[in-house]
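> sequence and predicted structure, then a few things I'm wondering about:
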Amino acid sequence: MTAKKGDTVRVLYVGKLKDDTIFDSSGQIPIEFTIGEGMVIPGFENAIIGMDIGQHKKIEVSSDEAYGPHLDELVATISRDQFPAALDPEIGKQVKVANEMGQTFIMTIIDIKDGTVTLDANHPLAGQDLIFDIDLIEILK
């Protein structure tokens, strides 16, 4: 049986960066999703199409088919005074930030110096090409 758009599938996977750092894995429990519903990144979803049950595939997904490019306009440096006194900024820490219209965003602290904090709203994997080892376990229909 071959996977096609509209099928609900179960897959095992390991996601790596180009330096072989593992950033995500299904472990021993397959993930389940329906092809075409956008539940996973486009490059991953497209790789499943045409796979047969029991097939293994290693793919490289460009950043355009993953989390998109890293956008400089999503990086902002603000004064440390703009943080609540109880919040101790640390590089790598994620914080919820609201804009003037009340919309909230999750941003990652990427730099702290001279009374300023630099925040990044890009997805942590934005701008990176990703490598996946995928095993199609089951097609549920």
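Happy to help now that I have it.
> list the contacts of P89.
Counting by C-beta atoms under 8 Å, 6 or more residues apart in numbering, P89 touches 80, 83, 95, 109, 112, 117. Glycine gets a C-beta too; all of them are placed from N, C-alpha and C.
> number of residues surrounding the first one?
Under the neighbour criterion other C-beta atoms under 10 Å, R80 is assigned a count of 13.
> for it, what are phi and psi?
Main-chain torsions, R80, degrees, to the nearest 10: phi -60, psi -30.
> look up how far S79 lies from the closest residue to it other than its chain neighbours.
Nearest residue to R80, sequence neighbours excluded (C-beta to C-beta, 6 or more residues apart in numbering): G115, at 5.0 Å. For G115, the distance to S79 equals 6 Å [C-beta to C-beta, to the nearest Å].
> summarise which helices and strands the worst-scoring helix or strand of the chain on mean pLDDT is packed against.
Here the helix or strand of the chain ranked lowest by mean pLDDT, DSSP states H and E is strand 94-98, holding a mean of 87. On a contact count with 3 or more C-beta pairs under 8 Å, 6 or more residues apart in numbering; DSSP states H and E, strand 94-98 meets strand 104-113.
> tabulate the contacts of P89 in a markdown table, adding columns for distance to F33.
Converted to a markdown table, the contacts of P89 look like this (distance: C-beta to C-beta, whole Å):
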| residue | distance to F33 |
| --- | --- |
| R80 | 42 |
| F83 | 38 |
| V95 | 30 |
| I109 | 32 |
| I112 | 38 |
| V117 | 37 |
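> so for these, which is the shakiest by pLDDT?
pLDDT across the contacts of P89 is lowest for F83, at 81.
> so what does that residue look like in phi/psi?
Dihedral angles for F83 - degrees, to the nearest 10 - are phi -90, psi 150.
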